[in-house]
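S.K.: Structure of the sequence below:
(2 chains)
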Protein chains: 2
Amino acid sequence: MTSDLSGSPQPGSAEILCVGTELLLGTITNGNARWIAEQLAVLGVPHLRQEVVGDNRARLIAAVQQASRRCRLLITTGGLGPTPDDLTTEAIAAAFATPLQERPEVWADITAKARSRGRELSPSLRRQALLPQGAVVLPNPTGTAAGMIWSPLPGFTLLTFPGVPSEMKAMWQATAAPWLRQAGLSQGVFASRLLRFWGVAESALAEQVGDLLAASNPTVAPYADAGEVKLRITARAASPEQASTLLAPVEAEIRRRAAEACFGADDDSLASVVLAALLRRGESLAVAESCTGGGIGAALAAIPGASAVFLGGVIAYANAVKQGVLGVPEELLERHGAVSDPVAAAMAEGACRLTGAHWGVAVSGIAGPGGGSPDKPVGLVHIAVAGPDGTHSAAVRFGSSRGRAWIQTLSTGEALDRLRRRLSAS
Amino acid sequence: MTSDLSGSPQPGSAEILCVGTELLLGTITNGNARWIAEQLAVLGVPHLRQEVVGDNRARLIAAVQQASRRCRLLITTGGLGPTPDDLTTEAIAAAFATPLQERPEVWADITAKARSRGRELSPSLRRQALLPQGAVVLPNPTGTAAGMIWSPLPGFTLLTFPGVPSEMKAMWQATAAPWLRQAGLSQGVFASRLLRFWGVAESALAEQVGDLLAASNPTVAPYADAGEVKLRITARAASPEQASTLLAPVEAEIRRRAAEACFGADDDSLASVVLAALLRRGESLAVAESCTGGGIGAALAAIPGASAVFLGGVIAYANAVKQGVLGVPEELLERHGAVSDPVAAAMAEGACRLTGAHWGVAVSGIAGPGGGSPDKPVGLVHIAVAGPDGTHSAAVRFGSSRGRAWIQTLSTGEALDRLRRRLSAS
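M.R.: Below is the predicted model of the structure:
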């Protein structure tokens, strides 16, 4: 949740209207809205509202008319195809009582594309050559569904795009983005930076930086996501350089206050940060995983070039594997149980011994839903890090209420974070 | 494009309002709207409009008031967190000039959850215990952000959910769905069945069942998702029994045509199907993973009760681990290279030998972006399955264009599918 970057009524603002019953039925996710929103942010065009309606003429006309009273720019996606339920162009023309006209250049393009693909020219394609009188063609370089740039009212412009994401994006980049850059809708340039944190609750971090959350430029907005907390700093300025100049001191101040909890920025992940630190040190890493079942290894292997540091390890799901492969003494398993600090420590050391790695990370816990007890409840996880300066193991409790996948994801993150903190301290 | 299932003005209809500036900035995709839309379709509640607004009090109030004039049911997501820009509850109360009240049961729940996680009770959490007078608590089983069920006007009800998808879904399933089922909003019952396939292309499957895709009740819709292909069969009828009666013969016909490629339905996954088959046979499983780095183990460990079958295995990312831990002969590595059938086979057999498992699955491939050669390009993966009746290893090529994560995900699925087919054949 972030505070709004812009004031209340915004005559220079944009809205997105996505048309398609498949969106209302939940058949597909509205990735077009996200993509266009991101492009508008980059161009500095304020964007205050998104709407979705189905392939229904009356509701489509009403939505277009309402938007024309609220905003300066309406971007639509969907409903430009050749079938009878593709209604967007026709409904927009009707919304402003304007007749449709066949555009010879669009029809010529449709004809040429159909021919080059060896397709029959189906009569329904002819509908796609119709645009409201006065509208400018927004060409579709790849498909047959052209869009339009049209100002049916003073101070209100419509841009229409097909729903097929690749066609929409190609049209945006070739024609719409250049048009928007010169249309005087930009209210400056946005630049943003995403800072990433582990080991601090969203509410605690929000309190630490409460004064910054209240600021308006740059804005600072917190997000939480499966154990990780993020702060997005967004600045608006006349140029990218000025926006970066606004960002830098706020980033520095947040890093100062959050200290160690801030593990990276933008595309960093705990795995990438740990691998980069080990690469700098010329050291290697192995894992020994019980309740995560391979999740830590998979997170490391997801990073390109992981093989320079990550040797592998053991998935010791069964106690016999902990004992037989990792060499955890039977006596430790019997005395403390598999979910215990001594066993996690022996697992981490076993991973180092077996692979020759400098560092070993081990996890043993109760992911649930079964297997918990009053002493060792679901969500209890012991995490150990073995390294050149010794082995440390400690428990963490993730609770049972969020379920197995949550416990496994948080265990993976927590294990990598323990290693990260050890590496930064030594 | 699909035609609208419902007529024009719909007094019994639902709308979705998603709140969050991060949606307007394009930072995240609106997956919540899709998920809720899908649930409404299953419940038979017509849903005609979705809207997104930012964390802005005035626009939020306006959007809620406008929706209250158009629809019977408004579902909101987002803005229920503890930070100052979480405005949804407060704006809804203001939209209907109703005071907020602290709910002791919500506060008690927040307190208990904070304690069980060993967290400080930050004062900002207190805001989350406030709801408008007259609203019913919509409990959040996993997080601290409770929602509400509230009818501020006759014939208009609001349901609020947090933006965190896992919390929203848990609240929907525990409380909202049962409430909606008895609220008299359904216009007929939808029943649906999701069939899952591996080892067949979406276009090939669509051709096999082309006649069924054209039918209107039940409808059959194909989806593709990282190697897996799905067909959703949806029937509408007066009762759940009638809807099921419509579904059954279509499901049977699809299964007949797709044969072995159909691995399950609804919540099944390749991992759950493989684990269930092994459990029935009383046999155990181990893995040996190179380019997947633990992904197969993590997929298995994600299934509750996996420990009855899955013993663990070795993440053999480095060749030294393949050799030293799994016992792959040096001579095989030298002669064929790590990415080869003989090495994958030796890895699978090594996993069995080391853990005592009946079955071993091994993967060795080139996930990229580096490490490819003309002979062994990025995307080439060798997968072996070792079992009581012998070891089989074969290569598969996933190509390089979709990147590392895609290759790792498909390798994991393909490995589990190879085992599934071996188990069903023996």
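
S.K.: quick one: A:Gln391 from A:Ile315, how far?
M.R.: Just to correct that, residue A:391 is Thr rather than Gln. Distance, A:Thr391 to A:Ile315, by Cβ to Cβ, to the nearest Å: 20 Å. For every residue, glycine as well, the C-beta is placed using N, CA and C.

S.K.: Tell me which of these two has more neighbours.
M.R.: Under the criterion of other Cβ atoms under 10 Å in any protein chain shown, the comparison of A:Thr391 against A:Ile315 puts A:Ile315 first, with 35 against 18.

S.K.: Looks to me like the more buried one is in a helix.
M.R.: No: with DSSP: H, G, I helix; E, B strand; the rest coil as the criterion, A:Ile315 is located in strand rather than a helix.

S.K.: domain assignment for chain A?
M.R.: A:14-182, A:189-265, A:270-425 (automatic domain parsing).

S.K.: Can you name the residues bridging to the residue in the stretch 51-200 of chain A that chain B sits nearest to?
M.R.: Nearest residue of the stretch 51-200 of chain A to chain B, counting by Cβ to the nearest Cβ: A:Val52, 3.8 Å away. Listed by DSSP bridges, the beta-bridge partners for A:Val52 are A:Cys18, B:Gln50.

S.K.: Correct me if wrong: it contacts B:Ile36.
M.R.: No: A:Val52 is not in contact with B:Ile36 according to Cβ atoms under 8 Å; the separation is 11.8 Å.

S.K.: What's the local residue count around A:Phe263?
M.R.: Residues near A:Phe263, counting by other Cβ under 10 Å: 24.

S.K.: no wait, A:Thr355
M.R.: 28.

S.K.: can you pull the contacts of the residue nearest to it when sequence neighbours are not counted?
M.R.: Of all residues not flanking A:Thr355 in the chain, A:Ala286 sits nearest, at 4.1 Å (Cβ to Cβ, 6 or more residues apart in numbering or on different chains). Counting by Cβ atoms under 8 Å, 6 or more residues apart in numbering or on different chains, A:Ala286 touches A:Phe310, A:Leu311, A:Gly312, A:Gly313, A:Ala351, A:Cys352, A:Leu354, A:Thr355, A:Ala357, A:Trp359, A:Gly360, A:Val361.

S.K.: what's the answer for A:Thr245, then?
M.R.: A:Ala237.

S.K.: what about it, which helix or strand?
M.R.: Here A:Thr245 sits within helix A:240-258, counting by DSSP states H and E.

S.K.: separation between the residue of the stretch 51-200 of chain A closest to chain B and A:Val19?
M.R.: Note on A:Val52: its distance to A:Val19, by Cβ to Cβ, is 8 Å.

S.K.: before we move on, what about A:Ile149?
M.R.: 17 Å.

S.K.: ok, the two, which is more surrounded?
M.R.: Between A:Ile149 and A:Val19, counting by other Cβ under 10 Å, A:Val19 is the more crowded of the two (28 against 17).

S.K.: residues near A:Ala129, how many?
M.R.: A:Ala129: 21 surrounding residues under other Cβ under 10 Å.

S.K.: To which secondary structure element is the nearest residue to it once chain neighbours are set aside assigned?
M.R.: Leaving aside its sequence neighbours, A:Ala129 sits nearest to A:Trp107 (Cβ to Cβ, 6+ apart; 4.0 Å). Here A:Trp107 sits within helix A:104-116, counting by DSSP H and E.

S.K.: what does A:Thr142 give?
M.R.: Going by DSSP H and E, A:Thr142 is not in any helix or strand.

S.K.: can I assume it is in contact with A:Ser166?
M.R.: Yes: applying Cβ under 8 Å as the test, A:Thr142 and A:Ser166 come out as touching, 6.6 Å apart.

S.K.: want to try CSV for the domains of chain A, with distance to B:Leu380 and mean pLDDT as columns?
M.R.: Below are those laid out as CSV (distance: least, Cβ to Cβ, whole Å; pLDDT from 0 to 100):
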stretch, distance to B:Leu380, mean pLDDT
domain A:14-182, 27, 91
domain A:189-265, 32, 90
domain A:270-425, 16, 96
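
S.K.: what's the closest of the ones you listed to B:Ala176?
M.R.: Judged by Cβ to Cβ, the one of the domains of chain A that comes nearest to B:Ala176 is domain A:14-182, at 15.0 Å.

S.K.: okay, how far is it across that closest one, tip to tip?
M.R.: 15 Å (Cα to Cα, to the nearest Å).

S.K.: How far off centre is that domain?
M.R.: Relative to the chain's own centre, domain A:14-182 is displaced by 26 Å; criterion: Cα atoms, centre = their mean, to the nearest Å.
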